[in-house]
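Chemist: task: produce atomic coordinates for the following.
(2 chains)
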Amino acid sequence: MKKLPRRSIFKRKALNFAVDMFSLAVLIIAIGLMLYILLTVFHYGLRAINWSFLVEPSKPYGVPDSGIANAILGTVFITLGAATLSIVPAVLAGIYLAEFDRHSKFGHFVRFCANVNMGVPSVVIGLFVYSLVVMTTGRFSGFAGSISLAILMFPVIMRTTEDMLLMVPDSLRESALAIGNTRMRATIDVVCKAARSGMLTGILLAIARVSGETAPLLFTAQWSDSWPTGYFSNPTANLPVLITEYATNSPFPEQHTAGWGAALIVTLLVLSINILSRIIFREKHHAR
Amino acid sequence: MKFSGVDRVFKTVCGLCALLVIILSVMLFIQLLWGSRTAWAQFGIGFIFGTEWNPVENRYGALPAIAGTLLTTVIALALAVPGAFAVAMYLVDAPKAIGNVLSHALDLLAAIPSVIYGMWGLFVIVPLMQLHVQPFLVDTLKLGKIPFFGAEYNGFGFLTAGVILGLMVLPFISALMRNVFMMTPGVLRESAYGLGCTRWEVTWDIVMRYGIRGMLGAIFVGLGRALGETMAVLFVIGNVIVMPESLNAGGTTIAATLANNFGEADGTLRSVLFALGLILLIMSLVIQVLAQYYLSATGANRGEK
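Modeler: Okay, the predicted model is just below:
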């Protein structure tokens, strides 16, 4: 047996203490920086927010009463569009993996592709949708933005659906089939119902994640000062790109302030969906 | 199992939806390859090693962006990996109530959109770096004399981008590492404590040995995120397409180059940007495959949900 060196108890305890302190310090710094980010966003954002800021569309610099209402509406359109496009196929794909194909090679390959897809940088997805949609139709549009966000959401929803369905005990499936349900009925009415809150959590988290996503929208939805009436055919205003435009391409403090206002709205949107989904998930688990 | 008519249709529809994932992955690759064909035809494989970026004479090389990407990623991971390890170690053993609150706080940190990190970086961290941190490092600690650290600074650059990226990926890595820690059998940890090991010794000599593959997987997931992050970097990197001169110098990354130049891109430049996108895609594919390989060995989930 290898002889281990003798270490003095004092040195060992000192090292342990030092590591403990380091852990605590990193935690405090990380949480502190998060609070710092939130405080900054609230501090500058609240200055921007008033009634007209929330109900007026954005206008070129110098025009009074500029707001961000068009960008808020555009973000809602683009995100809901993405959800509409991705939720049904993603849930069905998750059902396929959990209910029909747990162990085959095809199933493993789909799982592998989904995991890899989750790691593809969103900017690359933007480039992809640009070449697929914008270059072929010849125009930027909010719809193209929705497609890129839908591609980002798809593997996330699929994998959470699968995980949640796998948690449903097989005895439930067997009982449902035993009383004469078809497989489809048993899956949709019994198994999915049992896994409902988990699936909803996955969908909400995916929505929260893409609603602040910026990079793909730079290539697809782009940006405009008008209301999002041309969602299918024209550049569509949205909050993340508005923030980028106002923060980096504008020398005017007024637009910086407006950017902070938009940042506050995006942060509140993302964090509230996020927290809501966790509450849904936790209530279900306590109820059990 | 035999399926009746309705069920066969249902299974087929579900299977087709699952197939979509594979189709998307393949199309992603083909589209970028197709979009970048002009660039590859014009510059050949030497494009990857070219350092010149000259839109006037239409000559482009990818090396400045690739080097910038690697540099920011290395800085980010150098900061985030030890931090994430320490945080995960603390969270595993923390009292349940405190541990839960802190885990949720870290999850929220991971949920903040990257554009917010970018804006905060631009308006808060850049001035802070320029007025306090960099003068302290360069003038007080005389680190400017170290080659490649850089004696000149203006707040923007690789160091700032790396710090912000590090903060962004820390919660992802630590969530995964915590899962890996928790997978060590309790008996193993308890026996080590029973022998009189300190917490650090249990973590380093027992848990680490047990979960080293999971740790690597966690690091690769963080690496993948840092590599492709666009907005947080775009705001603070300085956006000049030159080879990295020093840590404090401005530069660019692949993702930032894409976002920055796409608006006015046409012809050759557009094709070049597609080629850069393809390089980034391949880099992240390799890293994801490695991450999958190591994580699947431990059965830890990806912690991105």
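Chemist: now the residue of the stretch 51-200 of chain B found nearest chain A, nearest residue through space, not along the chain?
Modeler: Residue of the stretch 51-200 of chain B nearest chain A, by C-beta to the nearest C-beta: B:Pro113 (2.5 Å). Just so you know, the C-beta spots here come from the backbone N, C-alpha and C atoms, and that holds for glycine as well. Spatial nearest neighbour of B:Pro113, excluding adjacent residues (C-beta to C-beta, 6 or more residues apart in numbering or on different chains): A:Gly212 at 2.5 Å.
Chemist: run a quick neighbour tally on the one you found.
Modeler: The tally of other residues near A:Gly212 (other C-beta atoms under 10 Å in any protein chain shown) stands at 25.
Chemist: tell me if I'm right that it and B:Tyr117 touch.
Modeler: No. Counting by C-beta atoms under 8 Å, A:Gly212 stays clear of B:Tyr117, with 10.1 Å between them.
Chemist: for the chain, which segments count as strands?
Modeler: Looking at chain A here, since you left the chain open. For chain A, applying DSSP state E gives no strands.
Chemist: not what I meant, chain B
Modeler: B:53-54, B:59-60.
Chemist: ok, and what's touching the last one?
Modeler: If I follow you right, that is strand B:59-60. B:39, B:43, B:47, B:50, B:52-54, B:268-269, B:272 (C-beta atoms under 8 Å, 6 or more residues apart in numbering or on different chains).
Chemist: how far is stretch A:231-239 from where the chain is centred?
Modeler: Chain-centre distance of stretch A:231-239: 19 Å, with C-alpha atoms, centre = their mean, to the nearest Å.
Chemist: which positions in that stretch come out as buried?
Modeler: Neighbour counts over stretch A:231-239 (16 or more other C-beta atoms under 10 Å in any protein chain shown) mark A:231, A:234-239 as buried.
Chemist: which residues touch the residue lying closest to A:Phe281 once chain neighbours are set aside?
Modeler: Nearest non-adjacent residue to A:Phe281, counting by C-beta to C-beta, 6+ apart: A:Thr201, 4.2 Å away. With contact taken as C-beta under 8 Å, 6+ apart, A:Thr201 is in contact with A:160, A:277-278, A:280-281.
Chemist: okay, A:Thr201 and B:Thr230: tell me how far apart.
Modeler: According to C-beta to C-beta, to the nearest Å, A:Thr201 and B:Thr230 sit 27 Å apart.
Chemist: A:Thr220 now?
Modeler: 14 Å.
Chemist: still on that earlier bit, pick out the most distant pair among the buried residues of stretch A:231-239.
Modeler: A:Asn234 and A:Leu239 (17.5 Å; C-beta to C-beta).
Chemist: now do the same end-to-end measure for stretch B:196-211.
Modeler: 21 Å (C-alpha to C-alpha, to the nearest Å).
Chemist: list the buried ones in that stretch?
Modeler: Neighbour count says stretch B:196-211 has B:197-204, B:206-208, B:210-211 buried, by 16+ other C-beta under 10 Å.
Chemist: let me see the mean pLDDT of it.
Modeler: For stretch B:196-211, mean pLDDT is 86.
Chemist: residues contacting the closest residue to B:Ile206 other than its chain neighbours?
Modeler: Among residues not flanking B:Ile206 along the chain, B:Ala192 sits closest, at 4.8 Å (C-beta to C-beta, 6+ apart). By C-beta under 8 Å, 6+ apart, B:Ala192 lies in contact with B:201-202, B:205-206.
Chemist: need the residues of the stretch 151-288 of chain A near chain B, please.
Modeler: A:151, A:154-156, A:158-160, A:163, A:182-184, A:187, A:202, A:205, A:208-209, A:211-215, A:218-219, A:240, A:243-244, A:247-248, A:256, A:259-260, A:263, A:266-267, A:270-271, A:274-275, A:278 (C-beta under 8 Å from any C-beta of the partner chain).
Chemist: any regions of chain A where pLDDT drops low?
Modeler: Applying pLDDT under 70 to chain A picks out residues A:1-3, A:284-288.
Chemist: in it, which residue is most central in space?
Modeler: A:Arg209 (1.2 Å; C-alpha atoms, centre = their mean).
Chemist: I'd assumed B:Ile112 was in contact with it.
Modeler: No. Using C-beta under 8 Å, A:Arg209 is not in contact with B:Ile112, being 10.8 Å away.
Chemist: now for these two: what residues contact both?
Modeler: By C-beta under 8 Å, 6+ apart, the residues touching both A:Arg209 and B:Ile112 are A:Val270.
Chemist: can you map out the helices along the stretch 201-305 of chain B?
Modeler: Assignment of helices within the stretch 201-305 of chain B using DSSP state H, counting those that start in this stretch yields the ranges B:208-228, B:231-234, B:254-261, B:267-298.
Chemist: check which helices and strands the first one is in contact with.
Modeler: Spelled out, that is helix B:208-228. helix A:122-129, helix B:63-93, helix B:158-183, helix B:267-298 (3 or more C-beta pairs under 8 Å, 6 or more residues apart in numbering or on different chains; DSSP states H and E).
Chemist: how about the longest one, does it get close to chain A?
Modeler: Yes. For a cut-off given as C-beta under 8 Å from any C-beta, helix B:267-298 has contacts with chain A, namely B:273-274, B:277, B:280-281, B:284-285, B:287-289, B:291-292.
Chemist: keep only those of the residues of the stretch 151-288 of chain A next to chain B that are in helices.
Modeler: Members of these lying in helices (criterion: DSSP state H): A:151, A:154-156, A:158-160, A:163, A:183-184, A:202, A:205, A:208-209, A:211, A:215, A:218-219, A:240, A:243-244, A:247-248, A:256, A:259-260, A:263, A:266-267, A:270-271, A:274-275, A:278.
Chemist: so what's the residue count around the residue of the stretch 51-200 of chain B closest to chain A?
Modeler: Neighbours of B:Pro113 (other C-beta under 10 Å): 26.
Chemist: would you list the phi and psi of it?
Modeler: Dihedral pair for B:Pro113: phi -60, psi 150, per degrees, to the nearest 10.
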